[in-house]
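In: my questions are about this predicted structure, shown below with the sequence.
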Amino acid sequence: MAAVTVPGSRQATGVGALARKEALWFYVLISPWIAGFILFSGGPTIASAYLSLTHNDPVNWPPTWVGLLNYDVMFRDRLFWKSLQVTTYYTVLSVPLSVGFATFLALILNEKLPGMAAWRTIYYLPSIVTGVPVALMWNWIFQPQFGLVNGLLYDLGVPSSMLPKWLSDPPWAVPTFVIMSLWQFGGPMLIYLASIQGVPTQLYESAQLDGASKLRQIWHITLPSISPVIFFNGILAIISSFQVFTNAFVITQGGPNYATYFMVFMIYQNAFTYISNMGYADALAWVLFIIMLAFTAMAFRLQRHWVFYEAVVR
Amino acid sequence: MTVVVSSTEKNPVVPTARSLGQGLPFFQRRTVREGIWIGALTALVTFGSFLLLFPVYFMIVTSLKTQGASFLLPMKWLPGIQYVPQWENYGEALRFMKWQTAYTNTMVVAVLSMAGDVVSAVLVAYGFARFRAPGKNLLFGLVLSTLMVPQIVRLVPEYLGFSRLGMSNTFWPLILPAWFGSAYNIFLLRQFFTTIPIEMDQSAQIDGAGPMRVLWDVLLPQIRPALAVVLIGSFTYNWNDFFRPLIYINSPSLRTAALSLSAFQAVYGGTPFHLLMAASLVNIIPLVVLFFTLQRYFIQGIVVTGVKG
């Protein structure tokens, strides 16, 4: 859209020269990104596809071509299947919950309550801190004997034999990770809030005249109107749910009994902790990438059942 | 009976007898119903915020206990009343994680990355927002598609590259990529640039300004909020980042704060939750202060990149 020069016929030589100059400026300005794409994003992505077909460890340089051997090993590696199961279980559980939770809170914080700006700030607050301090906090909160959660449950009269062991109990470990992830809903919540406020008020007015209740208005007006935004953020949630690492590293180290052996953690271990085959780590990373794309594609297929796009007259 | 349209209604609808519920029992009348609704929601929101902030309160409570007291049941909740607050925990925790080194390293990495992030993203976004060239749309699609590729996929080749160049266990791998434009920042700044009318560029051009002068004199002054968004985003990212320092940094003297924190327990031994909570709170506080002072930039960044899709 943004045109610096007047778009016109190329027969006039002056315009052609201007267009060339403009194109030259474009490429000069974006050259840092082009270099970065080659060095740090596109280049390494392709290189890792190649390296996944090699054997490559710190001792044996340069990498030697092994064809599909790494993939063959992977599909017979029980830890790979375990890791895949842990990761997809987490995705399937956490994505709908986090999207639903953020939407629910956005709807509530959209109501005109006294002091709403302050409430929104408070609800966003947990989302500004991530990483190690938060992981350490959860580790302490879910500590089976002396942590906050079990301490409170015990005070409420739950007998200690009934208390879940949370992160030290394999069946509870992934659900606990999901609970931890639900604490940070601030980003999507604010985005939904902004798009809720962009819904034309006439829609609500006519619904009110028809006597539609609040819940019906939400169901038939608000949610359909913001469904494209929910969908877009759902995709982002899928992508990030495949990349859990810090909590698995800091809190559980993949345990207990591989119950939190997330894919990225497995890749990290294979690439950096043992003197091991980095080609195998690359193969794992590419499989993770492809699975993530498959989930995204699935979400795109499902969207026509619930995402509502306004007919745009162009 | 006077008709009271609730002040909570932004765009009051012309009230009808039906919508106000006249003739119905009082608890079904609109004003009363709304009062109940607002009261219930306020209670829910208040309860929710307590629930949300309680983990942090628990951190504070723990950070002020002795190690022994942090493992006592039933729990004590009120420092200063139920127990003597151990403020010296903070000093001990910070000394133990060598906080001067850790935070100096974090600041060096964060500040140099911030500079790179903002300079490179401004130039690239300006190119995409204002110049026409063959292949531009394709390239912009490529920018956005890199957001889809998980960092882990590119990591091994990147690591091999840096270590072949002798740059592992230095700050270079943590800083250098920021100078080549992150897709997220490019997208964000491009969105901001396109909201500025092109006529402003054109009138400067008529006055003889070249592209860099247009950027510097016309556009940058108008996107200051967006620059703040990029700077804050970059700072918080680098402050919190754990994965890349973990992979590239080995020497204790080069550890960033996040790395020192994660190494804390292993080095200290045992389960010093009181110290871990103190050190974690110290790590969190600068971000909280930054958030409260620059709140609107935080929020703008999120909303601009998230709504458009």
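Out: Cool, got the structure.
In: domains of chain A: list them as residue ranges, please.
Out: Chain A breaks down into these domains under automatic domain parsing: A:13-51, A:70-303.
In: what's the answer for chain B, then?
Out: B:17-92, B:97-308.
In: would you tell me which of those gets closest to A:L223?
Out: domain B:97-308 (15.8 Å; C-beta to C-beta). (C-beta placed from N, C-alpha, C; glycine too.)
In: so which helix or strand takes in the closest residue to chain B within the stretch 151-300 of chain A?
Out: Across the stretch 151-300 of chain A, no residue is closer to chain B than A:I191, which sits at 3.5 Å (C-beta to the nearest C-beta). If you go by DSSP states H and E, A:I191 is part of helix A:186-197.
In: quick one: list the elements packing against the following helix or strand past that helix.
Out: Note on helix A:186-197: by DSSP H and E, the next helix or strand toward the C-terminus is helix A:201-209. Applying 3 or more C-beta pairs under 8 Å, 6 or more residues apart in numbering or on different chains; DSSP states H and E, we find helix A:201-209 packed against helix A:214-217.
In: list the buried residues in the helix it packs on.
Out: Residues A:214, A:217 are the ones in helix A:214-217 that count as buried (16 or more other C-beta atoms under 10 Å in any protein chain shown).
In: for that helix, which outside residues touch it?
Out: The contact list for helix A:214-217, computed with C-beta atoms under 8 Å, 6 or more residues apart in numbering or on different chains, reads A:204, A:207-208, B:37.
In: list the helices and strands the helix holding A:I191 packs on?
Out: helix A:78-109, helix A:116-124, helix A:223-241, helix B:295-308.
In: redo that, cut-off 6 Å
Out: Helices and strands touching helix A:186-197, by 3 or more C-beta pairs under 6 Å, 6 or more residues apart in numbering or on different chains; DSSP states H and E, are helix A:78-109, helix A:223-241, helix B:295-308.
In: which one, of these, ends up nearest to A:F146?
Out: helix A:78-109 (26.4 Å).
In: buried ones in that closest one?
Out: Neighbour-count burial for helix A:78-109 [16+ other C-beta under 10 Å]: A:80, A:82-84, A:86-87, A:90-91, A:93-95, A:97-99, A:101-103, A:105-109.
In: and chain B, which of those reach it?
Out: Near chain B, taking C-beta under 6 Å from any C-beta of the partner chain as the test, no member of the buried residues of helix A:78-109 is found.
In: circling back to that earlier point, quick one: the residue of the stretch 151-300 of chain A closest to chain B and B:P150, what's the gap?
Out: To B:P150, A:I191 is 21 Å away according to C-beta to C-beta, to the nearest Å.
In: next: A:Q243.
Out: For A:Q243, the distance to B:P150 - C-beta to C-beta - is 5 Å.
In: residue of chain B closest to chain A, please.
Out: B:F180 (2.6 Å).
In: which residues touch that residue?
Out: A:32, A:35-36, A:40, B:120 (C-beta atoms under 6 Å, 6 or more residues apart in numbering or on different chains).
In: circling back: kindly provide the whole-number mean pLDDT of the helix holding A:I191.
Out: Across helix A:186-197, pLDDT averages out at 86.
In: neighbours of A:G151, how many?
Out: 18 (other C-beta atoms under 10 Å in any protein chain shown).
In: who in the stretch 1-150 of chain A is up against chain B?
Out: A:2, A:22-23, A:25-26, A:29-30, A:32-33, A:35-36, A:40-41, A:44-45, A:47-48, A:111-113, A:119, A:122, A:128-133, A:136-137, A:140-141, A:146, A:148.
In: any of these buried? List them.
Out: Among the residues of the stretch 1-150 of chain A next to chain B, the ones that count as buried by 16+ other C-beta under 10 Å are A:22-23, A:25-26, A:29-30, A:32-33, A:36, A:40-41, A:44-45, A:47-48, A:111, A:113, A:119, A:122, A:128-133, A:136-137, A:140-141, A:146, A:148.
In: settle it for me: which of A:I191 and B:P150 has more neighbours?
Out: Of the pair A:I191 and B:P150, A:I191 is the one with more neighbours under other C-beta under 10 Å, namely 27 against 19.
In: now for A:A294: which residues touch it?
Out: Per C-beta under 6 Å, 6+ apart, neighbours of A:A294: none.
In: and the stretch 151-300 of chain B, which of its residues are near chain A?
Out: Counting by C-beta under 6 Å from any C-beta, the stretch 151-300 of chain B sits next to chain A at B:152-154, B:156-158, B:177, B:180-181, B:198, B:211, B:240, B:242-243, B:247, B:258, B:261-262, B:273, B:276, B:280, B:283-284, B:287, B:291, B:299.
In: repeat that for 7 Å
Out: B:152-154, B:156-158, B:177, B:179-181, B:186, B:194, B:198, B:201, B:211, B:236, B:240, B:242-243, B:247, B:258, B:261-262, B:273, B:276-277, B:280, B:283-284, B:287-288, B:291, B:295, B:299 (C-beta under 7 Å from any C-beta of the partner chain).
In: low-confidence stretches in the stretch 201-309 of chain B?
Out: Along the stretch 201-309 of chain B, the parts satisfying pLDDT under 70 run over B:304-309.
In: per-residue pLDDT, residue 106?
Out: By default, I'm working from chain A. Taking A:A106 on its own, its pLDDT is 91.
In: hm, I was asking about chain B
Out: At B:T106, the pLDDT value in this model is 94.
In: which strands or helices does the strand or helix carrying it pack on?
Out: Taking DSSP H and E as the criterion, B:T106 maps to helix B:99-130. In terms of contacts (3 or more C-beta pairs under 7 Å, 6 or more residues apart in numbering or on different chains; DSSP states H and E), helix B:99-130 is packed against helix A:13-36, helix B:172-175, helix B:183-194, helix B:224-240, helix B:257-268.
In: after it, next one along is what?
Out: helix B:136-145.
In: export that following helix to CSV, keeping only CA atoms.
Out: Output in CSV follows, covering the C-alpha atoms of helix B:136-145 (Å, rounded to 0.1, in the frame of the first residue of the first chain):
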residue,chain,number,x,y,z
LYS,B,136,8.5,-7.6,-0.9
ASN,B,137,5.4,-9.5,0.0
LEU,B,138,7.1,-12.8,-0.3
LEU,B,139,9.9,-11.6,2.0
PHE,B,140,7.4,-10.3,4.5
GLY,B,141,5.6,-13.7,4.5
LEU,B,142,9.0,-15.2,5.2
VAL,B,143,9.5,-12.8,8.1
LEU,B,144,6.2,-13.9,9.6
SER,B,145,6.8,-17.6,8.9
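In: which residues sit against that helix?
Out: Applying C-beta atoms under 7 Å, 6 or more residues apart in numbering or on different chains, the external contacts of helix B:136-145 come out as A:26, A:30, A:33, A:37, B:128, B:183, B:186-187.
In: at 8 Å what do you get?
Out: A:26, A:30, A:33-34, A:37, A:42, B:128, B:183, B:186-187.
In: tell me, how many residues neighbour residue 115?
Out: Went with chain A since none was named. 11.
In: wait, chain B
Out: Residues near B:A115, counting by other C-beta under 10 Å: 15.
In: let me know the pLDDT of it.
Out: pLDDT, B:A115: 95.
In: list the contacts for it?
Out: B:A178 are the contacts of B:A115 under C-beta under 8 Å, 6+ apart.
In: quick one: closest of the helices and strands packed on helix B:99-130 to B:I60.
Out: Across the helices and strands packed on helix B:99-130, B:I60 has its closest neighbour in helix B:257-268 (16.8 Å, C-beta to C-beta).
In: dump the helix or strand that the closest one is followed by to CSV, restricted to CA.
Out: On the C-terminal side of helix B:257-268, the closest following helix or strand by DSSP H and E is helix B:273-293. Extracted C-alpha coordinates of helix B:273-293, given in CSV (Å, rounded to 0.1, in the frame of the first residue of the first chain):
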residue,chain,number,x,y,z
PHE,B,273,13.5,-22.6,49.9
HIS,B,274,13.7,-19.5,52.1
LEU,B,275,16.8,-18.3,50.2
LEU,B,276,15.5,-19.4,46.9
MET,B,277,12.3,-17.4,47.4
ALA,B,278,14.3,-14.3,48.5
ALA,B,279,16.6,-14.5,45.5
SER,B,280,13.6,-15.1,43.1
LEU,B,281,11.7,-12.1,44.5
VAL,B,282,14.8,-9.9,44.0
ASN,B,283,14.8,-11.1,40.4
ILE,B,284,11.1,-10.3,39.9
ILE,B,285,11.0,-6.9,41.6
PRO,B,286,12.7,-4.8,38.9
LEU,B,287,10.3,-6.1,36.3
VAL,B,288,7.3,-5.3,38.5
VAL,B,289,8.6,-1.8,39.0
LEU,B,290,9.2,-1.4,35.3
PHE,B,291,5.7,-2.7,34.6
PHE,B,292,4.0,-0.2,36.9
THR,B,293,6.0,2.8,35.6
